[in-house]
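Engineer: Quick one, what's the 3D model for this:
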Amino acid sequence: MPSTVSKESVLNRNQEAHLSSLEETVGAAIRELRLRDGLTIAQVAEQAGISRGMLSKIENGHTSAAMDTLARIARALGVSMSMLFSKYDATASRAQHIKKGAGMEVVRRGTKSGHTYHLLAYDQGPVKLFEPFLITMDDDSQRYPTFEHPGTEFLYMLEGTLEYRCGQETYLLEPGDALSFQAEVPHGPERLVQCPIKFLSVIVYPRHVD
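Structural biologist: Numbering: from 1, shown residues only. Okay, here's the model as predicted:
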């Protein structure tokens, strides 16, 4: 005798499959964004205020994260919540208006050495085209890291005075000064001359043509 399955049972199974798929998709998106920026689970977990084990479970789709937890993870990665659900959300804004002081504070190399990064644009799709940061520095007690990454970087000094090294050269940057360079060349702050320091850093990434 053939077994009968209620419509309610089928609906419940479909809902469970959808939720499982959603959790896996969100987790995969978080992992992809984290690896894209060269960040460890520990770095993102600390910035988001959750345990490494919890972040690992979320990335692998083994647990359903609360919306406030996903919001903290998204902020740590420098993306909006919609970026985590992008495959389920067909709508996307064509313009972004970031109010003064509303840039996302994100984790990047150097954040423990006195840098504070505020990302001024995000949700650029699967291929990152550019990143504009507002960077503040007020602690000269540690040696700052050297950065190397693809693309071209543009700096514009807003406040304070900074010695910035690029390759074998060192440049004195004062308010109104600009510096641009190929970001594959080792670069980074050399000395904080006058604090607090605030400058814009815009990284334009190379476009890969298949």
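Engineer: Toward the C-terminus, what is the element adjacent to the helix or strand bottoming out on mean pLDDT in the chain?
Structural biologist: Sorted by mean pLDDT, DSSP states H and E, the helices and strands of the chain end with helix 7-36, the least confident at a mean of 65. Later in the chain than helix 7-36, the nearest helix or strand by DSSP states H and E is helix 41-48.
Engineer: what's that next one packed up against?
Structural biologist: Using 3 or more CB pairs under 8 Å, 6 or more residues apart in numbering; DSSP states H and E, the elements in contact with helix 41-48 are helix 52-59, helix 67-77. To be clear about C-beta, it is placed using only N, CA and C from the backbone, and glycine gets the same treatment.
Engineer: need these in a markdown table with mean neighbour count, mean pLDDT and distance to residue 104, can you?
Structural biologist: Shown next, in a markdown table, are those (neighbours: other CB atoms under 10 Å; pLDDT from 0 to 100; distance: least, CB to CB, whole Å):
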| stretch | mean neighbour count | mean pLDDT | distance to residue 104 |
| --- | --- | --- | --- |
| helix 52-59 | 18 | 92 | 18 |
| helix 67-77 | 19 | 88 | 5 |
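Engineer: any chance of the ones you listed in a markdown table, with distance to residue 201 too?
Structural biologist: Output for those, formatted as a markdown table (distance: least, CB to CB, whole Å):
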| stretch | distance to residue 201 |
| --- | --- |
| helix 52-59 | 27 |
| helix 67-77 | 18 |
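Engineer: so what are the domain limits for this protein?
Structural biologist: Annotated domains of the chain cover 11-89, 100-210 [automatic domain parsing].
Engineer: What pairs with the helix or strand hosting residue 136, parallel or antiparallel?
Structural biologist: With secondary structure defined by DSSP H and E, residue 136 is part of strand 130-137. Its sheet considered, strand 130-137 pairs with strand 115-119 (antiparallel), strand 187-204 (antiparallel) by DSSP bridges.
Engineer: average model confidence for the first one?
Structural biologist: By that I understand strand 115-119. Average pLDDT, strand 115-119: 82.
Engineer: if we look at it, which residues are touching it?
Structural biologist: 78, 103-108, 111, 131-137, 144 (CB atoms under 8 Å, 6 or more residues apart in numbering).
Engineer: ok, of those residues, which one's closest to residue 67?
Structural biologist: Nearest to residue 67 among these, counting by CB to CB, is residue 104 at 16.8 Å.
Engineer: Distance of that closest one relative to residue 192?
Structural biologist: As judged by CB to CB, to the nearest Å, residue 104 and residue 192 stand 24 Å apart.
Engineer: how about the helices and strands packed on helix 41-48, which one is nearest residue 99?
Structural biologist: Comparing the helices and strands packed on helix 41-48 by CB to CB, helix 67-77 comes nearest, at 15.5 Å.
Engineer: Would you mind identifying the next helix or strand past that closest one?
Structural biologist: helix 81-84.
Engineer: residues in contact with the helix or strand that that next one is followed by?
Structural biologist: Sequence order places strand 104-106 as the next helix or strand after helix 81-84, per DSSP H and E. Contacts with strand 104-106, where a contact means CB under 8 Å, 6+ apart, come from 47, 75, 76, 77, 78, 79, 116, 117, 118, 119, 122.
Engineer: Which pair in those has the greatest spatial separation?
Structural biologist: The largest separation in the contacts of strand 104-106, counting by CB to CB, is between 79 and 116 at 18.1 Å.
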